[in-house]
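Enquirer: Fold the stuff below for me.
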Amino acid sequence: MPLKILIAEDSNSDRLILARLVERLGHEVVEAGDGTEAVELFRKTQPDLVLLDALMPRMDGMEAARQMKLLAGERLVPLIFLTSLSGASDLARCLEAGGDDFLVKPYNRVILEAKINAFNRMRALHQALSDQRDQVRQHNQQLLDEQRTARRVFDNVAHTGCLDAPNIRYHASPLSVFNGDVLFAAERPGGGTLVFLGDFTGHGLPAAIGAMPVAEIFYGMAAKGFGATDILTEINRKLRQILPVGMFCCGLMVEADLKHGSLRAWNGGVPDGWLVRATGDRVAIPSRHLPLGVQAADRFSAAMTTLEVKQGDWLVLMTDGFPEASDRDGVCLGEEGVRSVLAGLEPGQEPFEALLAGMQQHTGEPVPADDLTLCCLQMVIADAPEPATGPVPDSALAGPSDWHCVYELRHQSLADFNPLPLLLHICMEVPGLRSRSGEIYTLLSELYNNALEHGVLALSSEWKTSSDGFSQYYRERARRLGNTDGHFIRFTVSHKPHSGGGTLTVICEDSGDGFDFTSSSDTVTGSRVGQNGDYSGRGLEILRRVARSLTVHGRGNRVEIVYDWWFPHVAPRRKCADN
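Expert: Numbers count the residues shown, from 1 in each chain. Have a look, this model is predicted:
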């Protein structure tokens, strides 16, 4: 391949001889008579190789070489000095100025050809490496752009939910989804918090792709009122369907409901979660299940561990990056290190700051690593959201407003199916009720839980007066759900519009023996009346506060609720006595 070669020589005869030799070798020649002209021609013609006399007028070869190297930038342009100098110090100065080799006068055609060919091979190799570097850089930039795009899409689906709530502390890398970690949190419509901590096998876009459907399922189903078991079942089914063999998601799902004093947890492959009680006691939540996406739907178990919780307790969740954080000698913090930090908590000290401090002390690094996720949830009663205000958009005025429906759940379906999301969806077809989904879900769930647990299953909330009794209550609940033949729960729901809003009437009936809630410690929700700061037994109070009227018929297994609502701009003020 012919080259463009710049020859800079102040001697006309020497320049002519050298130019003819180079041309006979098949290369194009550009000639300059001094250093200044040589630099200008270098800028204009962009030669592939330079033959440069060391001693020239106006600008010597040393200075010309330095300027040419600057003009070349990252491009390799071999520079061969033409010189009659023989002193070692003079030759060293030529190399320091940017020269790559020497050609001693008088010129030898064979040596000249060999040097040009050798430097041409070096130049071609440098160009190939530069092209490969540019391709790698371009590919890396493309991957970064794809990750940013994927992150924007992911953030639109996997929003922060309620992770910014004052009772939640967490650390997650900005690119944690590409490291395989995911953390989602959402408030359930009727109260309580759902938290999912996941750790996918693999990194990069495959992990992010797996995280997308998990986020969509989690937030979509949580908003519709589905519980943790339903969400876990659907996540497992979806991941089993889309993930390749060998890829799965370790996960820990938590459903915390301080209103009823319960915490339900499912751990499939994630390091132990911890319930740190306000009293200082600690309860581990170990992994008892296979990761999500491993088992087929008919073999998957969403059975959850139920624990009693009280105001001020903390829940601690973490991915394996936390116990695997190592010091300079490669020694991991380990689960024992986590236990040690939690055991050393002072009264009232938050576990989040203590755990981060313990990890930083162990690793000697001030900033947490990018491949770990830590979340701490404090058990508190969240304030009810303020009702929406302002004018109703035109799109919210469409939808059914005058209707009546009956929905009855029978036999084994009472154990296998949760009707609350379906009933909530029916009610939300009334546009004006959509901003009140939390209150509607509370009404439906309190009625349904009462009918199921205390009507059909005949459970006594007296068991919930102690930690052992609390566990017994839920063990007995699971056992009795295995024998619901001959039982039913029937919802009769109707809606009537009125000027400025409407009225929703809900009747819940069950086939149980009923109970006398007026003379026992059981309320309409069958929970113990709260004493000494306990948060169970609030169902009757909640229903009476939200509804216009509550009527219990017969033996207590037919309860009727009447709920009035108004558009925000015409809503009357509620009585302060109810708050």
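Enquirer: What are the boundaries of the strands in the stretch 101-250 of the chain?
Expert: According to DSSP state E, counting those that start in this stretch, the stretch 101-250 of the chain carries its strands in the segments 101-104, 168-172, 181-187, 193-200, 249-257.
Enquirer: could you say what helices and strands the second one packs with?
Expert: When contacts are defined as 3 or more Cβ pairs under 8 Å, 6 or more residues apart in numbering; DSSP states H and E, strand 168-172 packs onto strand 181-187, helix 351-363, strand 373-378. Quick note: C-beta positions are derived from backbone N, CA and C, even for glycine.
Enquirer: Mean neighbour count, mean pLDDT and distance to G399 for those - can I get that in JSON lines?
Expert: As requested, the helices and strands packed on strand 168-172 are exported to JSON lines (neighbours: other Cβ atoms under 10 Å; pLDDT from 0 to 100; distance: least, Cβ to Cβ, whole Å):
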{"stretch": "strand 181-187", "mean neighbour count": "23", "mean pLDDT": "91", "distance to G399": "24"}
{"stretch": "helix 351-363", "mean neighbour count": "18", "mean pLDDT": "91", "distance to G399": "44"}
{"stretch": "strand 373-378", "mean neighbour count": "24", "mean pLDDT": "94", "distance to G399": "36"}
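Enquirer: Out of those, the one nearest V195 is which?
Expert: Ranking the helices and strands packed on strand 168-172 by distance to V195, with Cβ to Cβ as the measure, places strand 181-187 first at 4.8 Å.
Enquirer: can you give me the angle that closest one makes with strand 168-172?
Expert: Here strand 181-187 runs at 160 degrees with respect to strand 168-172, directions being taken by axes from the mean of the first three to the mean of the last three Cα atoms, to 10 degrees.
Enquirer: Which other helices and strands does strand 181-187 contact?
Expert: Strand 181-187 packs on strand 168-172, strand 193-200, helix 205-223, strand 373-378, going by 3+ Cβ pairs under 8 Å, 6+ apart.
Enquirer: on that earlier part again, could I get the helices and strands packed on strand 168-172 in CSV, plus columns for distance to T492?
Expert: Compiled in CSV, these are given as follows (distance: least, Cβ to Cβ, whole Å):
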stretch, distance to T492
strand 181-187, 28
helix 351-363, 47
strand 373-378, 37
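Enquirer: Spatially, which residue comes closest to K105, not counting chain neighbours?
Expert: Using Cβ to Cβ, 6 or more residues apart in numbering and skipping the chain neighbours, the partner closest in space to K105 is S84 (4.9 Å).
Enquirer: And the pLDDT at the one you found?
Expert: You'll see S84 listed with a pLDDT of 75.
Enquirer: and it, how many neighbours does it have?
Expert: Here the number of neighbours of S84 (other Cβ atoms under 10 Å) works out to 11.
Enquirer: so it makes contact with F102?
Expert: No. Contact status for S84 versus F102: not in contact, 10.4 Å apart, counting by Cβ atoms under 8 Å.
Enquirer: shared neighbours of those two, anything?
Expert: Between them, S84 and F102 share no neighbouring residue, with contact defined by Cβ atoms under 8 Å, 6 or more residues apart in numbering.
Enquirer: domain ranges for this structure?
Expert: The record, using automatic domain parsing to delimit domains, assigns the chain the ranges 4-129, 158-378, 394-578.
Enquirer: Including distance to E146, could those domains go into TSV?
Expert: Output for those, formatted as TSV (distance: least, Cβ to Cβ, whole Å):
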stretch	distance to E146
domain 4-129	26
domain 158-378	7
domain 394-578	35
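Enquirer: mind checking which of those is nearest V136?
Expert: Evaluated over these, closeness to V136 peaks at domain 4-129, with 10.4 Å, by Cβ to Cβ.
Enquirer: Show me which residues of the host helix or strand of S89 are buried.
Expert: Assignment of secondary structure by DSSP states H and E places S89 within helix 88-96. Residues L91, R93, C94 are the ones in helix 88-96 that count as buried (16 or more other Cβ atoms under 10 Å).
Enquirer: before we move on, what about stretch 122-134?
Expert: For stretch 122-134, the neighbour count (16+ other Cβ under 10 Å) marks R123 as buried.
Enquirer: so how far is it off the chain centroid?
Expert: The chain centre lies 40 Å from the centre of stretch 122-134; the measure is Cα atoms, centre = their mean, to the nearest Å.
Enquirer: any idea how far V294 is from V245?
Expert: 10 Å (Cβ to Cβ, to the nearest Å).
Enquirer: out of the two, which sits in the busier spot?
Expert: Under the neighbour definition other Cβ under 10 Å, V245 and V294 were set side by side, and V294 has more, 20 against 6.
Enquirer: you'd agree that one is up against C249?
Expert: No. The criterion here is Cβ under 8 Å, and V294 misses it with C249 at 9.1 Å.
Enquirer: Identify each buried residue in the helix or strand that contains K44, please.
Expert: For K44, the host element (DSSP H and E) is helix 35-45. By neighbour count on 16+ other Cβ under 10 Å, the buried set for helix 35-45 is G35, T36, E37, A38, V39, L41, F42.
Enquirer: same question, stretch 491-500
Expert: Residues of stretch 491-500 classed as buried: F491, T492, V493, H495 (neighbour count, 16+ other Cβ under 10 Å).
Enquirer: need the longest helix for the chain.
Expert: Under DSSP state H, the helix in the chain containing the largest number of residues is helix 109-157.
Enquirer: pLDDT of that helix, averaged?
Expert: 82.
Enquirer: follow-up on the earlier one: can you lay out the strands of the stretch 101-250 of the chain as a markdown table showing distance to Q142?
Expert: Rendered in a markdown table, the data for those read as follows (distance: least, Cβ to Cβ, whole Å):
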| stretch | distance to Q142 |
| --- | --- |
| strand 101-104 | 39 |
| strand 168-172 | 25 |
| strand 181-187 | 24 |
| strand 193-200 | 22 |
| strand 249-257 | 27 |
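Enquirer: tell me the most buried of these?
Expert: For the strands of the stretch 101-250 of the chain, average neighbour numbers computed from mean count of other Cβ atoms under 10 Å are highest in strand 193-200, which has a mean of 27.
Enquirer: Within its sheet, name the partner strands of it and how each one runs.
Expert: The strands that strand 193-200 pairs with in its sheet are strand 181-187 (antiparallel), strand 249-257 (antiparallel) (by DSSP bridges).
Enquirer: Dump these into JSON lines; add distance to V29 as well.
Expert: Formatted as JSON lines, the entries for those read as follows, by distance: least, Cβ to Cβ, whole Å:
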{"stretch": "strand 181-187", "distance to V29": "63"}
{"stretch": "strand 249-257", "distance to V29": "67"}
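Enquirer: that older thread, tell me which of the buried residues of stretch 491-500 is nearest to E28?
Expert: Nearest to E28 out of the buried residues of stretch 491-500 is H495 (Cβ to Cβ; 88.6 Å).
Enquirer: Now do stretch 502-515: distance to the chain's middle.
Expert: Stretch 502-515 has its average C-alpha position 41 Å from the chain's average C-alpha position, going by Cα atoms, centre = their mean.
Enquirer: same check, this time on stretch 41-57
Expert: 57 Å.
Enquirer: Okay, buried residues for it please.
Expert: So, applying 16+ other Cβ under 10 Å, buried residues of stretch 41-57: L41, F42, P47, D48, L49, V50, L51, L52, D53, A54, M56.
Enquirer: quick one: which of these sit in helices?
Expert: Judged by DSSP H, the buried residues of stretch 41-57 include L41, F42 as members of helices.
Enquirer: tell me which of the buried residues of stretch 41-57 is nearest to N236?
Expert: Comparing the buried residues of stretch 41-57 against N236 with Cβ to Cβ places D48 closest, at 62.5 Å.
Enquirer: tell me the contacts of that closest one?
Expert: For D48, the contacting residues are L3, K4, I5, V77, N120, R123, by Cβ under 8 Å, 6+ apart.
Enquirer: what ranges do the strands span in the stretch 251-400 of the chain?
Expert: Per DSSP E, counting those that start in this stretch, the stretch 251-400 of the chain carries strands over the ranges 262-268, 273-276, 282-285, 305-308, 314-318, 373-378.
Enquirer: That concludes my questions; thank you for your assistance.
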